[in-house]
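Novice: Give me the fold of what follows.
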Amino acid sequence: MTSELLDIGIQPAGYRLPDDARVGRVRLQVSDLDTSVAYYTRVLGFRVAAQQGRVAELGPQDGPVLVELHERPGARPVPRRGLLGLYHFAILLPDHAALGRFVAHLGEVGAYAGSADHLVSEALYLSDPDGLGIEVYADRPRGQWTRHGREIAMKTAPLDLRALVRASGGEPWVGMPSGTTIGHVHFHVGALDEAEAFYYSALGFDKVVWSYPGALFFSAGGYHHHVGTNTWAAGAPAAGADDARLLEWELRLPHAKDMAAAAASAARAGYGVRIDDADRLITDPWGTTVRLTQRSNP
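Specialist: Presented below is the predicted three-dimensional model:
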């Protein structure tokens, strides 16, 4: 690790995730598979990599599966105030120009999106047919990020959408491009101290942003965040079996020994660890499950 990365964030006292830990695919429960597939392909630009029964696997035009849709007929949509659990999952585009092409595409298909400049990134916010939150974003180069001491500076400011469209160079959007990944996941939680206990002390992420109102952000390797948590839906119930929701998300680690170490750290902290073949599954206090898996696993 470079000395620059050692100066970013606050490291956990015990186990610490490797710098190259990354978010993998997300698995979502939706009410109607056909409706959701139509949205994820037409609006977001995913391709259907596979579909069988009540499950569809989606990915960029040239790349691995990033999203799995699991149909539960009649699943309740996310209420307006939200549920504890998923706030949004975030699709990271490879560059600023790709985000500009996506902005132009949304205008062409008449899809509404919110937007924000977070200093470290530029982001668009959408909701799928069941109200599940989606962010589509592009990072600014790390050399342009600013810090307040060890804390990465983030805020929510207006996004210059016209400048983004100009950055596209007039090239058309032809779907999620090669190099697209799931950059982070962000959750509604009941309390930030409990979120810190799980994601920082037990799972081993660094704490990187702690001054954002009502939120706490965690990452590996000096990233601005792989996991966001907030209390903006405090008092809401947790998403349940009959709700549209995040079923689980993957945390991809480079080696089996890393999975074992992260699982052991969570177990020492009192969290249950379930085994699924070579993977380990751990659930946070609000029912959100993380699947620890090897990064080479597609």
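Novice: and the residue most central in space within the chain, what does it touch?
Specialist: Nearest to the geometric centre of the chain sits Val185, at 2.2 Å (Cα atoms, centre = their mean). The contact partners of Val185, taken as Cβ atoms under 8 Å, 6 or more residues apart in numbering, are Val23, Val26, Leu86, His88, Phe89, Ala90, His226, Val227, Gly228, Leu246, Trp249. C-betas here are computed from N, CA, C, even on glycine.
Novice: how about 7 Å then?
Specialist: Val23, Val26, Phe89, Ala90, Val227, Trp249 (Cβ atoms under 7 Å, 6 or more residues apart in numbering).
Novice: in the sheet, who's paired with the fourth one?
Specialist: Partner residues in beta bridges with Ala90: Glu135, His184, with DSSP bridges as the criterion.
Novice: I'd like to know how far the residue of the chain most remote from its centre sits from Arg101.
Specialist: In the chain, the residue that sits farthest from the middle, by Cα atoms, centre = their mean, is Gly170; the gap is 28.7 Å. Note on Gly170: its distance to Arg101, by Cβ to Cβ, to the nearest Å, is 9 Å.
Novice: His148 now?
Specialist: 33 Å.
Novice: What of Gln29?
Specialist: 30 Å.
Novice: With neighbour numbers in mind, choose between these two.
Specialist: When Gln29 and Arg101 are compared for neighbours, Arg101 comes out ahead with 24 against 20, by other Cβ atoms under 10 Å.
Novice: Please settle this for me: is the more buried one part of a helix?
Specialist: Yes: Arg101: assigned to a helix according to DSSP: H, G, I helix; E, B strand; the rest coil.
Novice: Next up, the contacts around Ala202.
Specialist: Ser265, Ala266, Ala269, Tyr271.
Novice: would CSV of these with neighbour count, secondary structure and pLDDT be doable?
Specialist: Listed next are the contacts of Ala202 as CSV, based on neighbours: other Cβ atoms under 10 Å; DSSP: H, G, I helix; E, B strand; the rest coil; pLDDT from 0 to 100:
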residue, neighbour count, secondary structure, pLDDT
Ser265, 21, helix, 98
Ala266, 24, helix, 98
Ala269, 15, coil, 98
Tyr271, 17, coil, 98
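Novice: Turn the contacts of Val185 into CSV, including distance to Ser201.
Specialist: Output for those, formatted as CSV (distance: Cβ to Cβ, whole Å):
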residue, distance to Ser201
Val23, 20
Val26, 24
Phe89, 24
Ala90, 24
Val227, 13
Trp249, 19
